[in-house]
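Trainee: I would like to see how this sequence folds:
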Amino acid sequence: MAQCEMRAVPPFLLPGEAAAVQRDAERLLDSAELTRAAAMAPAAGWMFLAGRVSQRVFAGQLLSVPAADLTVAYSCPQCGTGPGLGHGRPGYSYRGAPVPLALSLSRAGGWTLLAAVVDASPGTRLGADIEEPARSGFDGFDEVALTPAERRTLRDVKAELLPAARARLWTRKEAWLKMAGDGLRTAPSTVDVRERPGLRDLDPAEAGLPPHFAAAVALSVRAQASGSGGSGSS
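Mentor: Coordinates of the predicted model:
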């Protein structure tokens, strides 16, 4: 089983660190990423840049290459892939060749969780997600986000524990849909995540997150067939 590397990045304080984030971004990021951040409101743009800088540095350290020498190579089911694409499934190339690294990034409460599989085989897919339980407590969450079977599992949960239980299911859904490449184009209420192969909850301490956070990771590794050829995905 492929090993998943994780790093939690704590919030930075605006405006004290915004200038440093901007400098790092201009030094490390590609024009597509800078252009996307420039179209956002300032606070959202800085958060976006901080996440992208952290992800690139993380990738460079895992690959033992300079982060500035990586080129963004995201892929999107609708838009395809290429150096000018700044959204979709994360990826990089190095000296013109794709790097064997599966990546996922999630943000919540100012925190960023980075996840990666190094030396990923072709077809390896990774999704990670984090959430604060308080954000799942709004009226109508269950109907919008959960399947009927998942809602039934919450019937006997004590009221004070419901936000954490809902957040656990939500992070599992987000992680699974990121891994599958669907994102929220697929209605979360149609995806049951109580039992899915390759999907697991993350203990906040394992991920380096605050103890009240919910977190999950989903990993699919395509098996390489031996003998005459062919491949399948799990």
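Trainee: what sits against residue 188?
Mentor: For residue 188, the contacting residues are 144, 145, 146, 170, 173, 177, by Cβ atoms under 8 Å, 6 or more residues apart in numbering. Bear in mind the C-beta positions are built from the backbone N, C-alpha and C, glycine included.
Trainee: between these, which is closest to residue 134?
Mentor: Ranked by distance to residue 134 (Cβ to Cβ), the contacts of residue 188 are led by residue 170 at 12.0 Å.
Trainee: Does the closest one belong to a helix, a strand or coil?
Mentor: Of the three states, residue 170 takes helix under DSSP: H, G, I helix; E, B strand; the rest coil.
Trainee: my guess is it meets residue 145, correct?
Mentor: Yes - counting by Cβ atoms under 8 Å, residue 170 touches residue 145, with 5.9 Å between them.
Trainee: Present the contacts of residue 188 as JSON lines; the columns should include pLDDT and distance to residue 209.
Mentor: Below are the contacts of residue 188 laid out as JSON lines (pLDDT from 0 to 100; distance: Cβ to Cβ, whole Å):
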{"residue": "144", "pLDDT": "91", "distance to residue 209": "25"}
{"residue": "145", "pLDDT": "93", "distance to residue 209": "21"}
{"residue": "146", "pLDDT": "95", "distance to residue 209": "23"}
{"residue": "170", "pLDDT": "95", "distance to residue 209": "15"}
{"residue": "173", "pLDDT": "95", "distance to residue 209": "18"}
{"residue": "177", "pLDDT": "93", "distance to residue 209": "20"}
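Trainee: can you pick the most crowded of those residues?
Mentor: residue 173 (28 neighbours; other Cβ atoms under 10 Å).
Trainee: And the strand or helix carrying that residue, what does it pack against?
Mentor: For residue 173, the host element (DSSP states H and E) is helix 162-180. With contacts taken as 3 or more Cβ pairs under 8 Å, 6 or more residues apart in numbering; DSSP states H and E, helix 162-180 sits against strand 101-108, strand 125-131, helix 141-145, strand 199-201, strand 214-220.
Trainee: ok, 6 Å please
Mentor: strand 125-131, strand 214-220 (3 or more Cβ pairs under 6 Å, 6 or more residues apart in numbering; DSSP states H and E).
Trainee: now it and strand 125-131, what's the angle there?
Mentor: 160 degrees (axes from the mean of the first three to the mean of the last three Cα atoms, to 10 degrees).
Trainee: what does helix 162-180 rub up against?
Mentor: Outside helix 162-180, the residues that touch it by Cβ atoms under 6 Å, 6 or more residues apart in numbering are 104, 125, 127-129, 131, 133, 136-137, 145, 150, 154, 157, 183, 186, 188, 191, 193, 196, 199, 214-218, 220.
Trainee: Provide a PyMOL selection command restricted to the buried entries of those.
Mentor: Here is the PyMOL command that selects the buried residues among the contacts of helix 162-180 (16 or more other Cβ atoms under 10 Å):
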select buried, resi 104+125+127+128+129+131+133+136+145+150+188+191+193+196+199+214+215+216+217+218+220
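Trainee: quick one on the thing from earlier: among the contacts of residue 188, find me the one that's closest to residue 28.
Mentor: Distance to residue 28 across these (Cβ to Cβ) is lowest for residue 177, with 28.5 Å.
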